[in-house]
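In: okay, sequence plus prediction incoming.
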Amino acid sequence: MRSSVFGNLGSQQLPPGFALENGKMLRVQLPDDVLAKQGSMVAFQGEMDFDYEGGGLGKLFKKAVTGEGAALMRVRGQGLLYLADNADDIHLFYLENEGITVNGRNLLAFQPQLTWDIKRVQGAGMAAGGLFNTTITGTGWVAVTTHGTPVLLDAARMPTFADGQSAVCWSTSLQVGVNRTMKVGALIGRGSGEAMQLAFRGQGFVLVQASEGAPVIKAQS
């Protein structure tokens, strides 16, 4: 796997398609199709068509039940497409017959030859919000966004834990579960209001952003 966060994209020859116009804007070269987050188009040059992409009934059902997965559009045509999302930082991954798991809210765009699905984190019950993520596998480009400059953690060095809303993406080779602290009142994370984190073990990386999302507003008693 090669990525802008690993610093190994370099000058090596990679298939055309995705490039960073700047740190907050993605440039996609068509005629190849691309799947992108709905509403992420900020400009294009050439002739292009934009269509809703549901991904099939099975994926639509998973989205409805879990709330996971960004609403996608399929873009076809000729020219240059520019994508962005709230001026968040953008990071590129080039998969080479491998996989990456992405938090749906951080998924900006990927090439359509890649296979994607929505999967539940092991150990997380159906009622645990935010613990379903999008897995992308195959060979091709993936673009993700982060709120602020992220940190790249090597899970092989030691057991690694992250708030479910802060973990942007990670290697599919990792064993992922849920870690619950005994101190229920501890101020750990904001995402779910629980003392709960994702636990990562094995050979692989975890990309963590400098944000846990919007604060949870508790009802006044």
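Out: Nice, thanks for sending it over.
In: which secondary element of the protein has the worst mean pLDDT?
Out: helix 57-66 (a mean of 43; mean pLDDT, DSSP states H and E).
In: ok, then the element right after it?
Out: Going down the chain from helix 57-66, the next helix or strand is strand 72-83, by DSSP states H and E.
In: any buried residues in that following strand, and which?
Out: Residues Leu72, Met73, Arg74, Val75, Leu81, Leu83 are the ones in strand 72-83 that count as buried (16 or more other C-beta atoms under 10 Å). Glycine gets a C-beta too; all of them are placed from N, C-alpha and C.
In: who does it pair up with?
Out: Looking at strand 72-83 with DSSP bridges, its partner strands are strand 25-30 (antiparallel), strand 34-37 (antiparallel), strand 41-53 (antiparallel).
In: now the last one: mean pLDDT?
Out: Spelled out, that is strand 41-53. Mean pLDDT, computed over strand 41-53, is 95.
In: hmm, who's touching that strand?
Out: Outside strand 41-53, the residues that touch it by C-beta atoms under 8 Å, 6 or more residues apart in numbering are 25, 30, 35, 38, 71-84.
In: and with 10 Å instead?
Out: Strand 41-53 is contacted from outside by 21, 24-31, 33-36, 38, 59, 71-85, 112, using C-beta atoms under 10 Å, 6 or more residues apart in numbering.
In: next one: the shortest one
Out: With C-beta under 10 Å, 6+ apart as the contact definition, strand 34-37 has outside contacts at 17-18, 26, 28, 48, 50, 53, 55, 70-77, 81, 83-85, 104-112, 114, 116, 136, 140-141, 143, 145.
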